[in-house]
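Asks: kindly return the folded structure for what I paste below:
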Amino acid sequence: MNAANLPCPLWRRLVALVYDLLIVVAIVMVVGLLCQLATGGRLIETGAHAVVPLWYQWLQGVVVAAYFVASWRRGGQTLGMRPWRIRVSRDDGGTISLQQAVVRVLVAAAPMLLLALEPVLGLHATLWTVLGAWALWFVVALFDPRRRALHDLAADTELRRID
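Replies: Modelled structure (predicted):
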């Protein structure tokens, strides 16, 4: 079996995810700057607690999701996946569909919904809860013969090495 047919090891996909985290931070910063400029610097109300408008949270989510969906649909790779030579694909190695990309990004981002627990759990416990949920998403890849994480199983996709 040549390397192009091998599933991507979990460690490689996690390192690529760290690279993509840097891209996501840059995207969030640019969107934040544009929104601050558009609102005259009054985007976030401060006081006893900062109040972040719901429309802004949704906008950030949509823009970050669009980065992943567009990357997966165009070439099967995000910027973080390129140096690690991995590609998301269908079972037959083809480019994933728009529906698969959307399902994949929604399932991968689902633990973010746990952030709504922050008023009850507090920030520290909530962040650990989100991190724990993501760990469960990826632990699945340790037991799947094709090393697919939960979002790959939901979208019927897989990561392959392209060495």
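
Asks: from the chain's centre, how far out is stretch 60-73? Work that out for me.
Replies: How far stretch 60-73 lies from its chain's middle: 8 Å, per C-alpha atoms, centre = their mean, to the nearest Å.

Asks: for Q100, which non-adjacent residue is spatially closest?
Replies: A155 (4.5 Å; C-beta to C-beta, 6 or more residues apart in numbering). In short, each C-beta sits where N, CA and C put it, glycine included.

Asks: isn't the one you found up against V103?
Replies: Yes: here A155 reaches V103: they are 4.2 Å apart, a contact under C-beta atoms under 8 Å.

Asks: ranking helices and strands of the protein by mean pLDDT, which lands last?
Replies: None of the helices or strands of the chain scores lower by mean pLDDT, DSSP states H and E than helix 118-121, at a mean of 89.

Asks: contacts for it?
Replies: Helix 118-121 is contacted from outside by 126, 129, using C-beta atoms under 8 Å, 6 or more residues apart in numbering.

Asks: okay, it in CSV with CA atoms only?
Replies: The C-alpha coordinates for helix 118-121 follow below in CSV (Å, rounded to 0.1, in the frame of the first residue of the first chain):
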residue,chain,number,x,y,z
GLU,A,118,-20.2,29.6,31.0
PRO,A,119,-22.7,31.5,33.2
VAL,A,120,-23.3,28.3,35.1
LEU,A,121,-19.9,26.7,35.2
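
Asks: give the next helix or strand downstream of it.
Replies: For helix 118-121, the following helix or strand on the C-terminal side (DSSP states H and E) is helix 123-143.
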